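Q: the sequence isn't on hand, but the structure is:
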């Protein structure tokens, strides 16, 4: 298997041609607002680009061209069931917009630090939850390396182990934690919005404990609840105390079908104690 992971969904879930993909991503980013806030984490959806891309763009516009050292990208495994965390043992993820490098040294340190984390290229080969973030990352943070992680079980113990493993490896670095997750699936819009509102409230309140309880009571609130919790708690270890919902929508906004919708959210986690990113970038 190649050291570079080839895209599995280019040409189907998003355009496979560079010019078309670039135009779509730039159009979505151009419709989103730039916040200027010091962001340490995002929650971003992972459906087909035409459905969730307009929502995801709000998060990526907010972090575009910031001076991050590394992006830790955490998503759920949709196709392979397993215990623990599967790290990508590749050197890069290929995208129509260019190869996105992987910080292999950090991946190796994580794998060696905890038995819960292991390398497995096969689990990553057909997974879309991370791949659907790549077109935005390749456009707004093209030089920033990734640490790509897939969660099998999303229980409390697995989340806690991953957060514990990440903290010493990333201490002192300017990290962006990205949780890939859609919200409720295939309810009518009214039901979906009631379910999704609970998650939005927890994200806006930066309430990881409340979100944990919500997901344990009903895991259908989100398909990537574990990645959300990991991103929130890891961001908290980096000084974050505030959350913001940047945009919410659902698949019915595009399809017109309001009987079976999938919810999407773009949310950010903000470290108010930090200087704005533009100011940090100017500091010698």
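A: Ah, there it is. Here the structure is a predicted model, which is why all the values come from computation and not from measurement.
Q: show me what contacts residue 189?
A: Contacts of residue 189 were listed using CB atoms under 8 Å, 6 or more residues apart in numbering, and they are 250, 252, 258-259, 261. Glycine gets a C-beta too; all of them are placed from N, C-alpha and C.
Q: hang on, I meant residue 180
A: If a contact means CB under 8 Å, 6+ apart, then residue 180 has 44-46, 73-76, 129-130, 132-133, 224, 227 as its contacts.
Q: so which of these is the most crowded?
A: Among the contacts of residue 180, residue 44 has the most neighbours (other CB atoms under 10 Å), with 33 neighbours.
Q: bridged to that one, which residues?
A: Counting by DSSP bridges, residue 44 forms beta bridges with residue 180.
Q: distance of it from residue 26?
A: As judged by CB to CB, to the nearest Å, residue 44 and residue 26 stand 17 Å apart.
Q: which pLDDT value belongs to residue 162?
A: Listed pLDDT for residue 162 reads 97.
Q: tell me which of the contacts of residue 180 fall in helices.
A: Those of these mapping onto helices are 129-130, 227, per DSSP state H.
Q: nearest to residue 86, of the residues you listed?
A: Using CB to CB, residue 130 comes nearest to residue 86 of these, at 10.5 Å.
Q: would you mind listing the outside residues contacting stretch 28-40?
A: Against stretch 28-40 from outside (CB under 8 Å, 6+ apart): 53-54, 56-58, 60-64, 66, 136, 139-140, 175-177, 235, 238-240, 244, 246-247, 268-272, 274-278, 280.
Q: just the buried members of the residues you listed?
A: Neighbour-count burial (16 or more other CB atoms under 10 Å) applied to those gives 53-54, 56-58, 60-64, 66, 136, 139-140, 175-177, 235, 238, 240, 244, 246-247, 268-271, 274, 277.
Q: show me what contacts the nearest residue in space to residue 65 that is not next to it in sequence?
A: Leaving aside its sequence neighbours, residue 65 sits nearest to residue 140 (CB to CB, 6 or more residues apart in numbering; 6.4 Å). Residue 140 is in contact with 29, 60-61, 63-65, counting by CB under 8 Å, 6+ apart.
Q: mind redoing it with 10 Å?
A: Applying CB atoms under 10 Å, 6 or more residues apart in numbering to residue 140 gives the contacts 25, 29, 57, 59-66.
Q: pLDDT at it, what is it?
A: Taking residue 140 on its own, its pLDDT is 97.
Q: same question for stretch 44-55, mean pLDDT?
A: 98.
Q: gap between the two ends of it?
A: 8 Å (CA to CA, to the nearest Å).
Q: how distant is that stretch from the center of its chain?
A: The chain centre lies 12 Å from the centre of stretch 44-55; the measure is CA atoms, centre = their mean, to the nearest Å.
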